[in-house]
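Student: Got a sequence here, can you model it:
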Amino acid sequence: MRPPDPRPIRAFLEERHIQFAGQIGEYAASALASRPEPADDDACRSEARTLMTELGAAGWFEPIRARDWRSCCLAREALAAASPLADAVFALQALGTLPLLLADEAPMRDRWVADAIRGRAMAAFAMTEAGAGSDVAAIATTATRDGQSYRLNGAKTLISNAGIADFYTVFASTDPVAGGKGLSCFVVPAESPGLRFVRPQILSAPHPLGEIAFEDCRVPASHRLGEEGRGLALGLKTLDLLRATVGAAACGMASRALDEALDHAARRRQFGRPLAEFQLVQEKLARMATDLIAARLLVHRAAWEADHGAERVTLEAAMAKAFATEAAQRIVDDAVQVLGGAGVMASHPVDRLYRSVRALRIYEGTTEIQHLVIAGRLMKDREA
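Tutor: Numbering: from 1, shown residues only. Predicted coordinates:
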């Protein structure tokens with residue numbers, strides 16, 4: 001595979017980013033692209049732990065700790081192009097760790113962040129519930145103060161790394177009457193009594209997903225991140241900063257799909273000539289390439305704004321994620337069409353991309369929610 005080319009987005013990058021893109025692109029192509037897809041959920045969970053160890057040892061999680069969002073985007077582009085599972089591992093180390101960095105709670109930061117960045121501790125981000133997906137304020141898991149600790153009760157679903165994480169960043173209500181303003185955030189070690197892995201949830205693409213439950217799970221008060229009632233703000237800021245990286249992962253998958261389609265169109269002959277000479281195929285390839293460049297520019301524009309100290313990148317990140325994930329879905333689908341029968345073979349990289357890319361339009365805020373955010377922000381700015 002050819003790693004994503006940083007040149008089309010160079011206007012948003014510094015020289016160190018160009019070097020980083022080359023390094024992680026080379027690593028992804030040589031160490032990840034040829035790894036076989038895990039055969040089942042157990043193998044997926046084992047492989048995810050292995051990937052965490054390898055990525056951490058190689059230093060690829062360091063942009064998370066540095067909060068270097070352009071490097072995070074470049075990392076996810078390269079990893080997603082080679083291995084959607086490796087990208088998921090990177091994403092969850094970021095999601096589970098960033099609240100500890102943003103809250104700047106020294107005990108939790110010192111206990112977990114270094115191990116997570118070095119690949120010695122796996123993180124998870126436990127926000128979603130059966131009745132609380134896009135509507136985060138509807139979280140029903142409770143955290144009741146009990147002396148110098150809290151008792152957590154409730155359940156979380158669709159949690160990546162459930163059952164294999166070493167610690168969970170958990171959102172629970174400390175004041176149910178207050179709705180979203182009553183949510184708080186806690187770090188819950190996996191061995192905490194009362195924390196139970198309920199069951200795995202199996203996706204069409206390899207991804208360690210599952211349900212967890214809290215049954216009078218006692219957590220020291222020192223494990224709370226920030227003040228009571230500040231959990232929603234912390235969670236939304238985490239998602240805000242990382243949302244553009246989801247678009248970057250989509251671009252990585254789309255970049256790999258486009259390369260596979262180009263290679264196939266150049267090699268495959270039908271009716272006495274290469275597919276690449278047929279105008280309908282050319283139209284597909286042209287649209288795929290244009291959408292990909294546009295998506296990458298939106299993603300790195302959002303990351304550039306965050307790296308340059310923007311207080312909020314809500315609008316930029318929402319545009320980047322919405323456009324990039326939708327474009328990637330189209331690009332991967334078109335790649336399948338160009339490849340024909342080869343594109344739906346389970347052994348082909350494009351088939352893996354086809355099964356992996358769909359979830360990006362849903363997690364960390366659906367496309368529909370991003371459109372609401374964008375429109376709301378536009379109207380607010382107009383009124384101002």
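Student: Report pLDDT for G133.
Tutor: If you check G133, the pLDDT there is 89.
Student: separation between it and N153?
Tutor: Distance, G133 to N153, using Cβ to Cβ, to the nearest Å: 20 Å. (C-beta placed from N, C-alpha, C; glycine too.)
Student: Show me the chain divided up by domain.
Tutor: Domain segmentation of the chain under automatic domain parsing yields 7-117, 123-229, 233-379.
Student: Which single helix of the chain contains the most residues?
Tutor: Longest helix of the chain, by residue count under DSSP state H: helix 231-267.
Student: elements contacting that one?
Tutor: For helix 231-267, the packing partners by 3 or more Cβ pairs under 8 Å, 6 or more residues apart in numbering; DSSP states H and E come out as helix 69-82, helix 84-103, strand 167-173, strand 183-189, strand 273-274, helix 279-307, helix 314-339, helix 349-357.
Student: ok, now with 7 Å
Tutor: helix 69-82, helix 84-103, strand 183-189, helix 279-307, helix 314-339, helix 349-357 (3 or more Cβ pairs under 7 Å, 6 or more residues apart in numbering; DSSP states H and E).
Student: quick one: the fourth one to chain centroid distance?
Tutor: Translated: helix 279-307. Mean-position distance between helix 279-307 and its chain equals 19 Å (Cα atoms, centre = their mean, to the nearest Å).
Student: part of a helix, is P36?
Tutor: No - counting by DSSP: H, G, I helix; E, B strand; the rest coil, P36 is not found in a helix; it is coil.
Student: what's the weakest-modelled helix or strand in the chain?
Tutor: When each helix and strand of the chain is scored by mean pLDDT, DSSP states H and E, helix 106-108 comes last, with a mean of 90.
Student: Which residues does it contact?
Tutor: Helix 106-108 is contacted by residues L100, V187, S222, H223, L225 when judged by Cβ atoms under 7 Å, 6 or more residues apart in numbering.
Student: Could you report the neighbour count for the fourth one?
Tutor: When counting by other Cβ atoms under 10 Å, one arrives at 20 neighbours for H223.
Student: right, and it touches C185 too?
Tutor: No - contact between H223 and C185 fails when scored by Cβ atoms under 7 Å: they sit 9.5 Å apart.
Student: tell me which residues in stretch 306-317 are buried?
Tutor: A306, D307, V313, T314, L315, E316, A317 (16 or more other Cβ atoms under 10 Å).
Student: any idea of the pLDDT on the third one?
Tutor: Read that as V313. pLDDT for V313: 93.
Student: Got phi/psi on it?
Tutor: Main-chain dihedrals, V313, degrees, to the nearest 10: phi -120, psi 30.
Student: I figured it hits A306, correct?
Tutor: Yes - in this structure, V313 is within contact of A306 by Cβ under 7 Å, at 4.8 Å.
Student: any idea how far the spatially most central residue of the chain lies from L102?
Tutor: With distances taken as Cα atoms, centre = their mean, A91 lies nearest the centre of the chain, 4.1 Å away. Distance, A91 to L102, by Cβ to Cβ: 17 Å.
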